[in-house]
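1. okay, predicted coordinates and the sequence, questions at the end:
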Amino acid sequence: MMKSFKIACFSLSIIALSLLSCNGNNNSKNESDSDAMSTTDSTVITELAVDYSAGDQTFKSYAAYKEGGENLPVVLVVPEWWGVNDYTRSRVKQLAELGYFAMAVDMYGDGKTADDPATAGELATPFYKDAQLARKHFEAALEKAKSFNQVDSSKIAAIGYCFGGSMVLNMARLGLDLKGVVSFHGGLNGGLPPAQKGSIKAALLVLHGEADSMVPEEEVKAFKKEMDEAEVNYKFIGYPGAKHAFTNPNATAVGQKHNIDVAYDETADKASWEELVSFLSSVFQY
C-alpha cells in the first residue's frame, strides 16, 4: 500500500484563528431529490439537489454523477466551514467527471452556509468540540449516498477541505469503514484519543500547505507521530509556500477582506488534485 508522508488545515487549539479563514432522479431510490443535467466534453453529468434526514434534523446537499453510470465508487465531500457553497459543488462535479458518485456533506443541517468568519465559527465549533455529533451528521450523508442505485456501497471515500479536512480525519480516527480519507489543508489535531494500531481502517492522504500558519509545525509532528505509532497507512505531502485554503481560488480575496492568513496557490492546488486522483484510483482499484 502506501508509506508515511506529510500535511494539514485547522486545529482545536487554534479555532479562534481558524474561525476567521470548505426528485429522486429516475435512477435513485429516493423520489424527493431534484435533478438537472450538464454536459462536459461530451459527458453528461447528472446533478442533484439532495434532501435527507437523521432523527428530527434535515439536511440539504448536492450530488453529481455521470449519466448512465452504475456501480460507481462514492466520494463524500465535507466542505470548508462556509458550508455547501458553489466551491464545494464545483469539487463534487469535478469528481463526477472522473467517474465517481460524489456528494457534499451538509454538516450544519438545513443547507446552512456562512459568509463571514464569525458566523462560520459559530457553525463549526460544535463539531470540533463533539466528534460524535460530527459523526452523526456525516453518517446521515453516508447513508443517503448508499441509497442511490448507481453506487457501489462497498467503495466509499471521504475528502474534506479545511474544517472538512479535520472532520474526515476524525471520521477515520473513529474507525468508520471507508476505503480512503483525504484532507486538504485540514487541521490535524482532532481532539480525540490517539489512534491505536488497527483502529483506522481507511488509507489516509494528507495535503498540507507548509506555510499554513493555522496548523503549527508542532501539530504536524504530533500527527505524524500518532500515525506512525498506530502503523496507519498514510501519505503526507507538504507544499512549500502554500498557505491555508490553498485549493480555493477565492481564498486570497477572502483573506484580504477579513485580514486572515489564507491564500490560493495554483501550483499546490493542481498538484494536490493530481494526488487525489491517483489516491482514489488506488484505494478503489478503479
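-> Nice, thanks for sending it over.

2. use CA for all of it now, contacts and neighbours both
-> Fine.

3. for the residue nearest to residue 250 when sequence neighbours are not counted, helix, strand, or coil?
-> Excluding the flanking residues, the one nearest residue 250 by C-alpha to C-alpha, 6 or more residues apart in numbering is residue 264, at 7.0 Å. At residue 264, secondary structure determined by DSSP: H, G, I helix; E, B strand; the rest coil is coil.

4. quick one, what contacts residue 264?
-> With contacts defined as C-alpha atoms under 8 Å, 6 or more residues apart in numbering, residue 264 is in contact with 242, 243, 245, 246, 247, 248, 249, 250, 251, 252.

5. again, only using 6 Å
-> Counting by C-alpha atoms under 6 Å, 6 or more residues apart in numbering, residue 264 makes contact with 246, 247, 248, 249, 251, 252.

6. backbone dihedrals for the residue lying closest to the fifth one once chain neighbours are set aside, please?
-> Setting aside the residues directly before and after it, residue 251 is nearest to residue 263 in space (C-alpha to C-alpha, 6+ apart), at 4.8 Å. Torsion angles at residue 263 (phi, psi; degrees, to the nearest 10) stand at phi -160, psi 150.

7. per-residue confidence for residue 263?
-> Predicted confidence (pLDDT) for residue 263: 98.

8. contacting residues for it?
-> Contact analysis of residue 263 by C-alpha under 6 Å, 6+ apart lists 243, 246, 251, 252.

9. the second one and residue 186: what is the separation?
-> When you say that, I think you mean residue 246. 11 Å (C-alpha to C-alpha, to the nearest Å).

10. who's more crowded, those two?
-> Ranked by neighbour count (other C-alpha atoms under 10 Å), residue 246 and residue 186 place residue 186 first, with 33 against 30.

11. so that one is in which element?
-> Using DSSP states H and E, residue 186 sits in no helix or strand.

12. over to residue 196?
-> When elements are assigned from DSSP H and E, residue 196 belongs to no helix and no strand.

13. residue 115 - how many residues pack around it?
-> Neighbourhood size, residue 115 [other C-alpha under 10 Å]: 12.

14. repeat that for residue 118.
-> Counted with other C-alpha under 10 Å, residues neighbouring residue 118 total 13.

15. how far away is the nearest residue in space to residue 200 that is not next to it in sequence from residue 153?
-> Spatial nearest neighbour of residue 200, chain neighbours left out: residue 175 (5.1 Å); criterion: C-alpha to C-alpha, 6+ apart. According to C-alpha to C-alpha, residue 175 stands 17 Å off from residue 153.

16. look at the two and report which has more neighbours.
-> Shown here are residue 175 and residue 153; by other C-alpha under 10 Å, residue 153 has more neighbours (17 against 14).

17. and that one, that one's in a strand?
-> Yes - if the criterion is three-state DSSP, then residue 153 is within a strand.

18. nearest spatial neighbour of it, chain-adjacent residues omitted?
-> Counting by C-alpha to C-alpha, 6+ apart, residue 153 lies nearest to residue 146, which is 5.5 Å off, once chain neighbours are set aside.

19. got the contact list for the residue nearest to the spatial centre of the chain?
-> The structure's the chain has its C-alpha centroid closest to residue 160; by C-alpha atoms, centre = their mean the separation is 1.6 Å. Residues in contact with residue 160 (C-alpha under 6 Å, 6+ apart) are 77, 78, 79, 183.

20. can you check residue 125 too?
-> Applying C-alpha under 6 Å, 6+ apart, no residues contact residue 125.
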